[in-house]
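Asker: structure of the sequence below:
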Amino acid sequence: MSDEVTYDTAADAQVTMGEARSDPPDMQGDPGPGCHSGAEMEKAARMAGQSDLLDQYAKDYPQGPHDKPQSMCPAFGSLRVGLRMKRVATVLSGSACCVYGLTFVSHFYGARRSVGYVPFNSETLVTGKLFEDIRDSVHELADPDRFDAVVVTNLCVPTASGVPLRLLPKEINGVRIVGIDVPGFGIPTHAEAKDVLAGAMLNYARAEAEAGPVPAPERGLSDRPTVSLLGEMFPADPVIIGQMLAPMGLAAGPVVPCREWRELYAALDCGAVAAIHPFYTAAVREFRAAGRPVVGSAPVGHDGTAAWLSAIGDAFGLPADKVAQAQNAFLPAIRGALSAAPINGTITLSGYEGSELLVARLLIESGADIPYVGTACPKTPWSEADAEWLRAKGVTVNFRASLEEDCAAMEGVKPDLAIGTTPVVQKAKERAIPALYYTNLISARPLMGPAGAGSLAEVVNAAMASKARMDYMRDFFKGVGAGDSAGIWEASPNIREDYRALNQKKLEKQRRAAKAQEMI
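Answerer: Numbering: from 1, shown residues only. Alright, predicted model coming up:
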């Protein structure tokens, strides 16, 4: 009898011993593909018949120096678009951890509605039962009294497994069914995922419009030719753009991504499209298929507004005096707003929203020195005018910028203010550099016309003025959470400089041996 003291008799239970695994050594202990197993999951997706989809994504959203997302899950972009639309239900198919994270973030950003989820396991994924479950769920949701459309989104694992959303019914009881794949290994940023759903909805709406009459949007139709606006923006910006278009006899059309399905028809029924955010490649393809010209850049600052109004006039074939009338009505006010709210200081700017180049133009016209602009979005024909203007001002413009590049620019320039994503802001503040989070503090402000001209000065100047406070905080917390003091300690760490010296000698010896091996 053992002298061991136990809580119960569980230790006496018989245990069935399994057989040793016969997997190759390189596969033992492999937990399977995760969120960033891009190469393996893409290979699996192509084997599952998804090559055409991935080839189109590679063409629409070319990869940069990094082959995996460095922002939040890309699917958040398409999820956000669907959740902001009236009478549209959203269903996700993906790993439970992914769905949890996406729903959490969506509700954090104010989505006041449920997100559908079709769970799966290895058996339902392999046997095809998952597709049947998805089909059953959309049939259950397709209530025409509640919804105009149901959006079903495949995340990484269902996409890699080839779950065929294209085989879902296009319509059930008068409710449209839109299926999209938004894998992290095919869509680099959440901004571009917005385009995936916007393009799919425009494609569906264009087919409906070509087939026959479609209903008008709730707010009715404009009595003037319209300019559809491509890209999410501050709510006041479309109103300001409409005011600038009025002297030319034009009106601002719907903003794509739209807020209701019927706005898609009105967006397609425009005279021209303004690609305010230049990365909406799939949406532009649908507008061009409908015969609509696309104009790049946006009416930001004095120079940007003058050039944009001229380009819109050219798209509509308007006489020069009409364009001049609009320019004369607004350019003096923009110049006055810029001079009334100057910004003096050096700023590095980076983000993943797609409007970074526009914000940089506005800051430069306000007086700021901008040596570096990084955007996680790709270079497109509709961003070229902004990039050329910035380069002419001595700005380094970095498309598909990685987090490492953005941080290196900030560390190298040592600006008076760093505007960027959360990790850039964190790294800047560790160095006592004032910093602002781009998404919440910069892009959530009007940028267009006279209202945009002075909108950034207050927050930017206030942040730059906090340099002394940042220095104080750095000195106060000096040494905390860094080096030997990182982590949680019950007492002061026992630092052994002799061990460090010995380990350093070992490392030097290994480097010399490696160097000698190279010479052999």
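Asker: what sits against the nearest residue to residue 359 once chain neighbours are set aside?
Answerer: Once flanking residues are discounted, residue 359 sits nearest to residue 442: 5.9 Å by Cβ to Cβ, 6 or more residues apart in numbering. (C-beta placed from N, C-alpha, C; glycine too.) Neighbouring residues of residue 442 by Cβ atoms under 8 Å, 6 or more residues apart in numbering: 351, 359, 419, 436, 456, 459.
Asker: so how far is residue 394 from residue 442?
Answerer: 21 Å (Cβ to Cβ, to the nearest Å).
Asker: roughly how far apart are the residue nearest to residue 359 and residue 169?
Answerer: To residue 169, residue 442 is 43 Å away according to Cβ to Cβ.
Asker: go on, residue 136?
Answerer: Using Cβ to Cβ, one obtains 12 Å as the distance from residue 136 to residue 169.
Asker: ditto for residue 71
Answerer: As judged by Cβ to Cβ, residue 71 and residue 169 stand 34 Å apart.
Asker: these two: who's more crowded?
Answerer: Neighbours were counted for residue 71 and for residue 169 using other Cβ atoms under 10 Å; residue 71 has more, 20 against 14.
Asker: residues in contact with that one?
Answerer: The neighbours of residue 71, taking Cβ under 8 Å, 6+ apart as the test, are 189-190, 352, 376, 421.
Asker: select only the buried ones of these in ChimeraX?
Answerer: The buried residues among the contacts of residue 71 can be selected in ChimeraX (16 or more other Cβ atoms under 10 Å) with this line:
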select :189,190,352,376,421
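Asker: of all the contacts of residue 71, which comes closest to residue 107?
Answerer: Using Cβ to Cβ, residue 190 is the member of the contacts of residue 71 that lies nearest residue 107, at 15.9 Å.
Asker: would you check that that closest one makes contact with residue 73?
Answerer: Yes. At 6.9 Å, residue 190 and residue 73 qualify as touching, with contact defined as Cβ atoms under 8 Å.
Asker: the stretch 251-400 of the chain: helices as residue ranges?
Answerer: Taking DSSP state H, counting those that start in this stretch as the test, the helices found in the stretch 251-400 of the chain are 262-268, 281-289, 301-316, 320-340, 356-365, 384-392.
Asker: oh, I was asking about the stretch 51-200 of the chain
Answerer: Under DSSP H, counting those that start in this stretch, the stretch 51-200 of the chain gives helices at 51-60, 75-83, 96-108, 122-127, 129-141, 156-160, 190-211.
Asker: quick one: the second one to helix 96-108, angle?
Answerer: If I follow you right, that is helix 75-83. Helix 75-83 and helix 96-108 are oriented at 50 degrees to each other (axes from the mean of the first three to the mean of the last three Cα atoms, to 10 degrees).
Asker: got any ranges where the protein has weak pLDDT?
Answerer: Across the chain, the ranges flagged by pLDDT under 70 are 1-38, 65-69.
Asker: run the last query once more with 80
Answerer: Low-confidence segments of the chain, defined by pLDDT under 80: 1-39, 64-71, 109-112, 220, 479-495, 519-520.
Asker: can you give me the buried ones in stretch 342-357?
Answerer: Buried residues in stretch 342-357, counted by 16+ other Cβ under 10 Å: 343, 345-357.
Asker: ends of stretch 160-177, how far apart?
Answerer: 21 Å (Cα to Cα, to the nearest Å).
Asker: can you give me the strands for the chain?
Answerer: 88-93, 116-117, 149-154, 171-172, 175-181, 226-230, 251-256, 272-274, 294-295, 346-351, 369-375, 396-399, 417-420, 435-437 (DSSP state E).
Asker: most tightly surrounded among those strands?
Answerer: Across those, averaging neighbours per residue (mean count of other Cβ atoms under 10 Å) puts strand 417-420 on top, at a mean of 29.
Asker: elements contacting that one?
Answerer: Judged by 3 or more Cβ pairs under 8 Å, 6 or more residues apart in numbering; DSSP states H and E, the packing partners of strand 417-420 are strand 346-351, helix 403-413, helix 422-430, strand 435-437, helix 457-464.
Asker: most packed of these?
Answerer: Ranked by mean neighbour count, these are led by strand 346-351 with a mean of 26 (mean count of other Cβ under 10 Å).
Asker: what pairs with that strand, parallel or antiparallel?
Answerer: According to DSSP bridges, strand 346-351 forms sheet pairs with strand 369-375 (parallel), strand 417-420 (parallel).
Asker: and the angle for it with helix 190-211?
Answerer: Using the same axes, to 10 degrees: strand 346-351 against helix 190-211 is 50 degrees.
Asker: restricting to C-alpha, output strand 346-351 in CSV.
Answerer: Extracted C-alpha coordinates of strand 346-351, given in CSV (Å, rounded to 0.1, in the frame of the first residue of the first chain):
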residue,chain,number,x,y,z
THR,A,346,7.4,67.4,-38.4
ILE,A,347,4.9,64.5,-38.6
THR,A,348,5.3,60.9,-39.7
LEU,A,349,2.0,59.4,-40.9
SER,A,350,0.9,55.8,-41.4
GLY,A,351,-2.3,53.7,-41.3
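Asker: hmm, who's touching that strand?
Answerer: Residues outside strand 346-351 that contact it (Cβ under 8 Å, 6+ apart): 356, 359-360, 363, 368-376, 401, 406, 409-410, 413, 415-421, 424, 438-439, 442-443, 460.
Asker: hmm, back to that, can I get the strands paired with strand 346-351 in JSON lines with distance to residue 64?
Answerer: Formatted as JSON lines, the entries for the strands paired with strand 346-351 read as follows, by distance: least, Cβ to Cβ, whole Å:
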{"stretch": "strand 369-375", "distance to residue 64": "10"}
{"stretch": "strand 417-420", "distance to residue 64": "17"}
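Asker: quick one: which of the ones you listed is nearest residue 124?
Answerer: Proximity to residue 124 (Cβ to Cβ) singles out strand 369-375 among the strands paired with strand 346-351, at 39.7 Å.
Asker: thinking again about what came up before, nearest to residue 39, of the helices and strands packed on strand 417-420?
Answerer: The closest of the helices and strands packed on strand 417-420 to residue 39 is helix 403-413. By Cβ to Cβ, the value is 19.8 Å.
Asker: what's opposite residue 435 in the beta bridge?
Answerer: According to DSSP bridges, the residues that bridge with residue 435 are residue 418.
Asker: now do it against residue 459, distance only.
Answerer: 12 Å.
Asker: residues near residue 505, how many?
Answerer: As a burial measure, residue 505 scores 10 neighbours (other Cβ under 10 Å).
Asker: typo on my end, it should be residue 444
Answerer: Neighbour tally, residue 444, other Cβ under 10 Å: 12.
Asker: quick one: the nearest residue to it once chain neighbours are set aside from residue 301, how far?
Answerer: Distances taken as Cβ to Cβ, 6+ apart put residue 234 closest to residue 444, at 6.6 Å, once the chain neighbours are dropped. Going from residue 234 to residue 301 by Cβ to Cβ gives 15 Å.
Asker: any chance of a markdown table for the strands of the chain, columns distance to residue 326?
Answerer: Output for these, formatted as a markdown table (distance: least, Cβ to Cβ, whole Å):
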| stretch | distance to residue 326 |
| --- | --- |
| strand 88-93 | 35 |
| strand 116-117 | 46 |
| strand 149-154 | 37 |
| strand 171-172 | 43 |
| strand 175-181 | 37 |
| strand 226-230 | 12 |
| strand 251-256 | 13 |
| strand 272-274 | 14 |
| strand 294-295 | 14 |
| strand 346-351 | 29 |
| strand 369-375 | 28 |
| strand 396-399 | 28 |
| strand 417-420 | 31 |
| strand 435-437 | 33 |
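Asker: so which of those strands gets nearest residue 63?
Answerer: strand 396-399 (11.6 Å).
Asker: re earlier: residue 234 and residue 301: who's more crowded?
Answerer: Taking neighbours as other Cβ under 10 Å, residue 234 and residue 301 compare with residue 301 leading, 28 against 18.
Asker: ok, that one touching residue 363?
Answerer: No. Using Cβ under 8 Å, residue 301 makes no contact with residue 363, being 9.0 Å away.
Asker: of the helices of the stretch 51-200 of the chain, flag the one that's most buried.
Answerer: For these, the highest mean count by mean count of other Cβ under 10 Å goes to helix 156-160, at a mean of 27.
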